[in-house]
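Peer 1: Need a 3D model of the sequence below.
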Amino acid sequence: MSTRLTARFSACAEQDRAALVCFITAGDPDLSTSAALLKALPAAGADVIELGMPFTDPMADGPVIQAAGLRALKAGQTLRKTLAMVRDFRETDRETPIVLMGYYNPIYVHGVERFLADAVAAGVDGMIVVDLPPEEDDELCRPAIAAGLNFIRLATPTTDDERMPAVIANTSGFVYYVSVNGVTGSAVPDYTSVAAAVMRIKAHTNLPVAVGFGVKTPADAAAVASHADGVVVGSALISVIVSTLDAEDRATTETVPAAVAFVRSLASGVQAGRRISTAA
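Peer 2: As a prediction, this is how the structure comes out:
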């Protein structure tokens, strides 16, 4: 399947660098600010954007992203508004891949067939639905693929070689390697272990492998980029956004500029990491 995701990872590979994948939560801290962030991230260096779909029970997310989802829900964010954000983004950006990340319940409530049609019409490229294992592929994964969307799976340090084929089977776009056991925003990973894990995954697939969970600084991004095809940053970016909010969790004039500056620093780290790999 040829999509914006495959084109973007191929383009990054041709430039001999990893892709920078940035996560924000739709509607955090409010709809207009998150829409402005979405539009600003590509120029700052984000190659792929993961757009979180707020949910009341985000079991795989740590406190930072949980709080982002609650802020968004409090501000009135809905799945319809999230899809409208993507549709608006596509009016000025036809190239940057957008992956929706979240949980199955809001999709189920929206209706799978309707959701997939709305997502394709809005300009979504793929999705990560963390609470649907491969055994439930008929529920959403296969219909998504039939609709032309990439379905990205998570592999973890506990995904052994026996389990890996099931994880890879219907995955497309890229494989998301969760570099630490636990929730998002956990401890910084052991980069030696990350390198070995990426090699092990690549023994099962030709798909790009993007590594996330625990990447907090440009130095972290550089270390991961020296081993992986993509570097995913979420909690650290949300933390920068939070640092600019006022006492009532409202955006300030610093919110978008601070996020943009941080993403630019991460992009520089990714570039440095690829140079380290080339030199080695």
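Peer 1: who touches I24 in this structure?
Peer 2: I24 sits next to 34, 37-38, 41, 49-52, 68, 234, 237-238, 241, 259 when contact means Cβ atoms under 8 Å, 6 or more residues apart in numbering. C-betas here are computed from N, CA, C, even on glycine.
Peer 1: what do you get for G230?
Peer 2: 9, 12, 18-21, 47-48, 174, 208-211.
Peer 1: In space, what's closest to V130 - neighbours in sequence excluded?
Peer 2: In this structure, V130 finds its nearest non-sequential neighbour in A60, 4.6 Å apart by Cβ to Cβ, 6 or more residues apart in numbering.
Peer 1: That should have said S193, apologies.
Peer 2: Counting by Cβ to Cβ, 6+ apart, the nearest residue to S193 once its immediate chain neighbours are dropped is P157, at 7.2 Å.
Peer 1: List the contacts of stretch 236-256.
Peer 2: With contacts defined as Cβ under 8 Å, 6+ apart, stretch 236-256 is touched by 22-25, 28-30, 33, 36-37, 40, 64-65, 67-68, 71, 185, 215-217, 258-259, 262-263, 266.
Peer 1: Please list the members of these that lie in helices.
Peer 2: With DSSP state H as the criterion, helices contain 33, 36-37, 40, 64-65, 67-68, 71, 258-259, 262-263, 266 from among the contacts of stretch 236-256.
Peer 1: Among those, which one sits closest to A222?
Peer 2: L266 (9.3 Å; Cβ to Cβ).
Peer 1: Can you tell me which of the contacts of stretch 236-256 are buried?
Peer 2: When neighbours are counted using 16 or more other Cβ atoms under 10 Å, the contacts of stretch 236-256 contain these buried positions: 22-25, 28-30, 33, 36-37, 64-65, 67-68, 71, 185, 215-216, 258-259, 262-263, 266.
Peer 1: Give the bridge partners for the residue nearest the centre of the chain, please.
Peer 2: Closest residue to the average C-alpha location of the chain: E50 at 3.3 Å, with Cα atoms, centre = their mean. Per DSSP bridges, the residues bridged to E50 are F23, V99.
Peer 1: related to what we said a few turns ago, look at the residue nearest to V130 and say how many residues are nearby.
Peer 2: Neighbour count for A60, taken as other Cβ atoms under 10 Å: 18.
Peer 1: how close does it sit to L116?
Peer 2: Distance from A60 to L116, counting by Cβ to Cβ, to the nearest Å: 22 Å.
Peer 1: again, but for T25
Peer 2: With distances taken as Cβ to Cβ, T25 is found 22 Å from L116.
Peer 1: same deal with G269?
Peer 2: From G269 to L116 the distance is 35 Å (Cβ to Cβ).
Peer 1: Which residue of the two possesses the greater neighbour count?
Peer 2: G269 (25 against 22).
Peer 1: show me the contacts for that one.
Peer 2: T217, P218, A219, D220, A221, A222, A225, V231.
Peer 1: now do L100
Peer 2: By Cβ under 8 Å, 6+ apart, the neighbours of L100 are E50, L51, M53, T82, V86, A119, V124, G126, M127, I128.
Peer 1: Just the buried ones from those, in ChimeraX syntax?
Peer 2: This is how ChimeraX selects the buried members of those, with burial counted by 16+ other Cβ under 10 Å:
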select :50,51,53,82,86,119,124,126,127,128
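Peer 1: Closest one of the contacts of L100 to V167?
Peer 2: Nearest to V167 among those is I128, at 12.5 Å by Cβ to Cβ.
Peer 1: Could you tell me the model confidence score at that closest one?
Peer 2: Looking at I128, its pLDDT stands at 96.
Peer 1: before we move on, the earlier item: as JSON lines, the contacts of L100 with secondary structure and distance to A169 would be great.
Peer 2: As requested, the contacts of L100 are exported to JSON lines (DSSP: H, G, I helix; E, B strand; the rest coil; distance: Cβ to Cβ, whole Å):
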{"residue": "E50", "secondary structure": "strand", "distance to A169": "22"}
{"residue": "L51", "secondary structure": "strand", "distance to A169": "25"}
{"residue": "M53", "secondary structure": "coil", "distance to A169": "24"}
{"residue": "T82", "secondary structure": "helix", "distance to A169": "28"}
{"residue": "V86", "secondary structure": "helix", "distance to A169": "27"}
{"residue": "A119", "secondary structure": "helix", "distance to A169": "22"}
{"residue": "V124", "secondary structure": "coil", "distance to A169": "22"}
{"residue": "G126", "secondary structure": "strand", "distance to A169": "16"}
{"residue": "M127", "secondary structure": "strand", "distance to A169": "16"}
{"residue": "I128", "secondary structure": "strand", "distance to A169": "16"}
